[in-house]
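S.K.: what's the 3D shape of this:
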Amino acid sequence: MTKRSTGDSRKSILVTILLSACSAEPLTPPGDVDLAPGGHSFADTLFAVERDGQITQCNGGSPSCLVLPETSCDAKLALGTNDGQRWDLGANGTLEVAFLCGFIMEHGGDAVTPDFKIWATVTDGSRAIVEVGPDPSHYQRLDFLDESDKSFALERVPGAEIVRYVRITDAGQGGVSIDAIEAL
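M.R.: Reported below is the predicted structural model:
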């Protein structure tokens, strides 16, 4: 058995475990309805934001996979599809979102392939730290969001074959606004 097929088998097992353990509604909507055009999923749950040292918990329970959850957090603009509605991180601000009705999976292959995309506006000289994790207490640093609408590959993080959580933290000067986070 080649290393590639072993990795694919591990991914299939991980997907099965994640799908069976998810407390949210079914991962795939009933019938012929897609979560988003093209079959891609977008971040569907807002967990927390931090601005000016103030942490706000935003989650209001498990979402329906067909309807975004109600939240009073203004950062909800970062949920769902890339619709042009953006949430400004602010200097040193943090946005923490989840894919409870989907997930981001490392695609692998001979070349680095993008696994998810952050639809964002990043002004010149600005950047944010992007971290990913299987749950909200085990994040690993992935890369910097240092350009608008940037794609990321999970293969840069050892062991991060499937993740559900993304945390984006401004690196200090502001200038980063998030529209959506899309699993590819």
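S.K.: for stretch 146-165, the distance to its chain's centre please.
M.R.: 9 Å (C-alpha atoms, centre = their mean, to the nearest Å).
S.K.: Please apply the same query to stretch 79-97.
M.R.: With C-alpha atoms, centre = their mean, you get 11 Å for stretch 79-97.
S.K.: Name the residues of that stretch that come out as buried.
M.R.: 79-82, 86-90, 92-97 (16 or more other C-beta atoms under 10 Å). For the C-beta atoms, the positions are set from N, CA and C on the backbone; glycine is no exception.
S.K.: Burial check on the nearest residue to K76 once chain neighbours are set aside, number of neighbours?
M.R.: What sits nearest to K76 in space, not counting adjacent residues and going by C-beta to C-beta, 6 or more residues apart in numbering, is L46, at 5.6 Å. For L46, the neighbour count with other C-beta atoms under 10 Å is 27.
S.K.: swap in F152?
M.R.: F152: 23 surrounding residues under other C-beta under 10 Å.
S.K.: just use 45 as the starting number from now, easier for me
M.R.: With 45 as the first residue, the last one maps to F196.
S.K.: which phi and psi does it have?
M.R.: phi -130, psi 150 (degrees, to the nearest 10).
S.K.: Pairing-wise in the sheet, spell out the partners of it.
M.R.: Beta bridges link F196 to F160 when assigned by DSSP bridges.
S.K.: Quick check: it vs R95, distance?
M.R.: With distances taken as C-beta to C-beta, to the nearest Å, F196 is found 24 Å from R95.
S.K.: can you give me the strands for this protein?
M.R.: Along the chain, counting by DSSP state E, strands occupy 85-86, 89-95, 98-101, 131-132, 138-142, 148-149, 160-166, 172-177, 184-189, 194-196, 206-207, 209-214, 220-227.
S.K.: Make TSV from these and add mean pLDDT and distance to A119 to it.
M.R.: Formatted as TSV, these follow (pLDDT from 0 to 100; distance: least, C-beta to C-beta, whole Å):
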stretch	mean pLDDT	distance to A119
strand 85-86	90	14
strand 89-95	85	5
strand 98-101	83	8
strand 131-132	92	5
strand 138-142	93	6
strand 148-149	93	19
strand 160-166	97	13
strand 172-177	97	14
strand 184-189	96	15
strand 194-196	97	19
strand 206-207	92	19
strand 209-214	96	10
strand 220-227	96	8
